[in-house]
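S.K.: Coordinates only, no sequence provided:
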């Protein structure tokens, strides 16, 4: 088992390096640092001196890959690639446009992101699985038909609508919770409840339909027929046999996203003014803060890879047939 | 010539897509398996109903994909050609055939917000009035709209009667058109089925036809009943109101359709070759080819989609901003940005389909008929083209129709985040983005947002329902299940 984990971690390394190269190419080769400087400084103030100053302040004034002028290891380390890309592996993301340390900012903003993403995830999973089980129980009936239709309709509504509509209805019309904002500690609940509910509701359609397909696939199998032949009730069959076995395909889709919960949800965080990583990313995109976007891309892919490994490990927990050597 | 045809890149791709669709339709008509599957789609009632809706959206999008630049007309009314010797001068504004059809909607913009079907503006303003004795007086009132209900003159009270009259006229016309269409359908079916008109009519409504004519006719009735009143009222009113800069919301909605279609369709054009070629190669050749391709798609898919799109769009923005000389008109720049967005979306979304196709190819290549072909010494490329790709078609078709709706939804979110289409390009996303603060106004401005959301819902819901029908017909696992 341990050997397997180590091997998987080693496999992850080339992927991370690949991600790093892709982002590096996107940010520095497609556009030169000069272009970025011009963009950041605006059209009016662009003088060669201003550009040089901007680049020097941010360490973009070095060569891309090989610094022929430096001595010793400096040939490699005194370059943009080393300073901006390789050092990410050590958790050093540099500074944002406003001069703050990105790594520290990320640590600060992680908590609000988790506070909104984890409840959304757990509640969403519970609600969708039970809804899907209900539809499976009444399969091929009119409840099933209309349930699936409602799911498709809910999938077809833009996520923006749920947020805008929910905010208008609950916060503006009924005045139940504040429209936006955040507070630390236990006071956070009244800021979190609406985004969580909206997150759950907007996710129900797609996931319920998906889980229902999984359950239906399982229910057509022979062991289910055997279970029914033994005289087990339909409810017992569903919970003890179908649910457990359908967990395996469901896990594939679900465990992958757990680490990504750290990243928060882009839309609802920015709508509800929650100072998490999602709104941090959106602000960075709007301010065209390349360093922050680059850092978030790196962290996001790191978390995704962790998610993939976790998925494989979780298989061993739910399916005793799978063993890793 | 009083116009100069302009071929935008996205137009070219849209029409190329139409050609590809026609060609693949012709090809699949030759294969009995696919023909049977499409026939199953045709007998699916919700599927065909939503297909009818999609056809209407498609026609709007295609009309909006024929662009031209009108000739500039000198104030004297003569073409500018007489004045300048270099030939006719053309406007820098790129218009489409749809703009031409909706010329009245496009041109009649008010000063600012106005409610749907209103004759007066949304906010009070200072208005100069002349008294009976000729003195100038200022009052604060809701100013009369320049175009909305202008034909009523001072007789604003007649508005309701006028609207109802127009509605009734439009509905009567809709009923007449629908009856004609239904009559033609019945006549054609009766002729083909060699039965009386009455029998054909009964067969349609008892769902005994091969094709789901009843669903198509019902949806057509709904569409006509919605579209004709809109058209009848749109001449003299702003049916969905006007937005902040006074532009008609109905016009914006109709223009958004093309953007949504381009995003949903052209992206698949980018994604498809990548996914099919790489997926089949990885599954068929295995070994190091498989390793390389797997590495490629794992790497790409491990970057969270939104962030990769954001990074790529940011970089593209820098590229476009630093090279203004590439574009003759603003429309061309917006168009290129739209295409780049499609390209980026395509590059980030091919990995899922590629993984599916690789898995399926791995399974297929172990089957007897392919092993037999290999034993006979059929070249690999030929095996792939003849035996593998046709057997993957159902996955490809299902993936295409399923992706369409998610791409349309993604456009709105991306435009909201600021990494979507060009802000000057009208799309559902930019409409929602511009209207995001309007609900907070007092009194509330609800029409722009609700119009955008409901039309987007209609488009996406129709696409999703059609996707379900297509999946049911093509997916062998679903055949006979449930």
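M.R.: Cool, got the structure. All of these numbers come straight from a predicted model, not from anything done at the bench. Numbers count the residues shown, from 1 in each chain, chains lettered A, B, ... in the order given.

S.K.: can you tell me which residues contact residue B:46?
M.R.: B:215, B:465, B:468-469 (CB atoms under 8 Å, 6 or more residues apart in numbering or on different chains). Where you see a C-beta, it was placed from the backbone N, CA and C, and this is true even at glycine.

S.K.: So which of those residues would count as near chain A as well?
M.R.: For chain A, the contacts drawn from those by CB under 8 Å from any CB of the partner chain are B:465, B:468.

S.K.: and the two most separated of the contacts of residue B:46?
M.R.: B:215 and B:468 (13.8 Å; CB to CB).

S.K.: With adjacent residues omitted, what lies nearest to the closest residue to chain A within the stretch 51-200 of chain B?
M.R.: Proximity of the stretch 51-200 of chain B to chain A (CB to the nearest CB) peaks at residue B:53, 12.1 Å away. Using CB to CB, 6 or more residues apart in numbering or on different chains and skipping residues adjacent in sequence, the residue nearest residue B:53 is residue B:462, 4.1 Å away.

S.K.: Let me know the helix or strand that that neighbour is in.
M.R.: Residue B:462 belongs to helix B:447-474 when assigned by DSSP states H and E.

S.K.: Likewise for residue B:262?
M.R.: helix B:249-285.

S.K.: hmm, which helix or strand of the chain has the shakiest average pLDDT?
M.R.: Picking chain A for this. Ranking every helix and strand in chain A by mean pLDDT, DSSP states H and E puts helix A:74-77 at the bottom, with a mean of 70.

S.K.: sorry, should have said chain B
M.R.: None of the helices or strands of chain B scores lower by mean pLDDT, DSSP H and E than strand B:125-130, at a mean of 78.

S.K.: tell me the contacts of the closest residue to chain A within the stretch 151-300 of chain B?
M.R.: In the stretch 151-300 of chain B, the residue that lies nearest chain A is residue B:299 (3.8 Å; CB to the nearest CB). Neighbouring residues of residue B:299 by CB under 8 Å, 6+ apart: A:15, A:18-19, A:22.

S.K.: Let's see if you can find the most crowded of those.
M.R.: Per-residue neighbour counts (other CB atoms under 10 Å in any protein chain shown) across the contacts of residue B:299 peak at residue A:19, which has 25 neighbours.

S.K.: thinking again about what came up before, can you spell out which helices and strands pack onto the helix holding residue B:462?
M.R.: helix A:142-156, helix A:159-166, helix B:32-42, helix B:45-63, helix B:249-285, helix B:389-417, helix B:428-434 (3 or more CB pairs under 8 Å, 6 or more residues apart in numbering or on different chains; DSSP states H and E).

S.K.: Could you list the buried residues of that helix?
M.R.: Of all the residues in helix B:447-474, those buried under the rule 16 or more other CB atoms under 10 Å in any protein chain shown are B:447-453, B:455-456, B:458-474.

S.K.: confidence score at residue B:15?
M.R.: Note on residue B:15: pLDDT of 91.

S.K.: isn't it right next to residue B:22, touching?
M.R.: No. Between residue B:15 and residue B:22 there is no contact under CB atoms under 8 Å: 10.5 Å.

S.K.: Between those two, which is the more surrounded one?
M.R.: residue B:15 (14 against 10).

S.K.: Neighbours of the closest residue to the more buried one other than its chain neighbours, how many?
M.R.: Among residues not flanking residue B:15 along the chain, residue B:65 sits closest, at 6.9 Å (CB to CB, 6+ apart). A count of nearby residues for residue B:65, using other CB under 10 Å, gives 22.

S.K.: Compute the distance between residue B:65 and residue A:113, please.
M.R.: Note on residue B:65: its distance to residue A:113, by CB to CB, to the nearest Å, is 42 Å.

S.K.: Look up the pLDDT of residue 219 for me, please.
M.R.: If you meant another chain, say so; for now it's chain A. Residue A:219 carries a pLDDT value of 89.

S.K.: not quite, I wanted chain B
M.R.: For residue B:219, pLDDT reads 94.

S.K.: swap in the one 10 residues further on?
M.R.: In this prediction, residue B:229 carries a pLDDT score of 91.

S.K.: Can you verify it is assigned to a strand?
M.R.: No. In this structure, residue B:229 is helix, not part of a strand, as judged by DSSP: H, G, I helix; E, B strand; the rest coil.

S.K.: Just want the most central residue of the chain.
M.R.: The chain I'm using is chain A. Per CA atoms, centre = their mean, the C-alpha nearest to the average position across chain A is that of residue A:260, at 3.5 Å.

S.K.: helices or strands up against the helix or strand harbouring residue B:354?
M.R.: In the assignment (DSSP H and E), residue B:354 maps to helix B:330-364. Secondary-structure packing of helix B:330-364 (3+ CB pairs under 8 Å, 6+ apart): helix B:9-30, helix B:249-285, helix B:287-302, helix B:305-322, helix B:389-417.

S.K.: any idea of the angle the second one forms with helix B:9-30?
M.R.: In this case it means helix B:249-285. Here helix B:249-285 points in a direction 60 degrees away from that of helix B:9-30 (axes from the mean of the first three to the mean of the last three CA atoms, to 10 degrees).

S.K.: Buried residues of helix B:249-285, list them for me.
M.R.: B:249-272, B:274-284.

S.K.: Quick check: the residue of the stretch 101-250 of chain A nearest chain B.
M.R.: residue A:156 (4.0 Å).

S.K.: My guess is that residue contacts residue B:460. True?
M.R.: Yes. If you go by CB under 8 Å, residue A:156 and residue B:460 touch, sitting 4.1 Å apart.

S.K.: which residues are common contacts for the two?
M.R.: Joint contacts of residue A:156 and residue B:460 (CB under 8 Å, 6+ apart) are B:405, B:409.

S.K.: How far off centre is whichever strand or helix holds residue B:186?
M.R.: Per DSSP H and E, residue B:186 falls inside helix B:159-193. Relative to its parent chain, helix B:159-193 has a centroid offset of 25 Å by CA atoms, centre = their mean, to the nearest Å.

S.K.: was I right about residue B:8 contacting residue B:333?
M.R.: No. Under the criterion of CB under 8 Å, residue B:8 makes no contact with residue B:333, lying 10.6 Å away.

S.K.: Show me which of those two is the more surrounded one.
M.R.: When residue B:8 and residue B:333 are compared for neighbours, residue B:8 comes out ahead with 22 against 19, by other CB under 10 Å.

S.K.: Let me see the contact set for the spatially closest residue to that one that is not a sequence neighbour.
M.R.: Nearest residue to residue B:8, sequence neighbours excluded (CB to CB, 6+ apart): residue B:335, at 4.4 Å. Residues in contact with residue B:335, defined by CB under 8 Å, 6+ apart, are B:8-10, B:425.

S.K.: Walk me through the domains of chain A.
M.R.: Listed by automatic domain parsing, the domain ranges of chain A are A:2-90, A:113-318.

S.K.: And chain B, is the shortest one touching that?
M.R.: Yes. Domain A:2-90 reaches chain B (CB under 8 Å from any CB) through A:14-15, A:18-19, A:22-23, A:26-27, A:30-31, A:35-36, A:38-39.

S.K.: same thing with stretch A:206-221?
M.R.: Yes. Shown here: stretch A:206-221 in contact with chain B (CB under 8 Å from any CB) through A:216-217, A:220.

S.K.: coming back round to it: compute the inter-axis angle for the helix holding residue B:462 and helix B:45-63.
M.R.: Going by the same axes, to 10 degrees, helix B:447-474 makes 120 degrees with helix B:45-63.

S.K.: tell me the average confidence for helix B:447-474?
M.R.: For helix B:447-474, the per-residue pLDDT averages 91.

S.K.: Could you give the residue of the stretch 1-150 of chain B that lies closest to chain A?
M.R.: residue B:46 (8.6 Å).

S.K.: Tally up the residues packed near the residue of the stretch 101-250 of chain A closest to chain B, please.
M.R.: Using other CB under 10 Å, residue A:156 has 21 neighbouring residues.

S.K.: Spatially central residue in chain B, please.
M.R.: With distances taken as CA atoms, centre = their mean, residue B:261 lies nearest the centre of chain B, 3.2 Å away.
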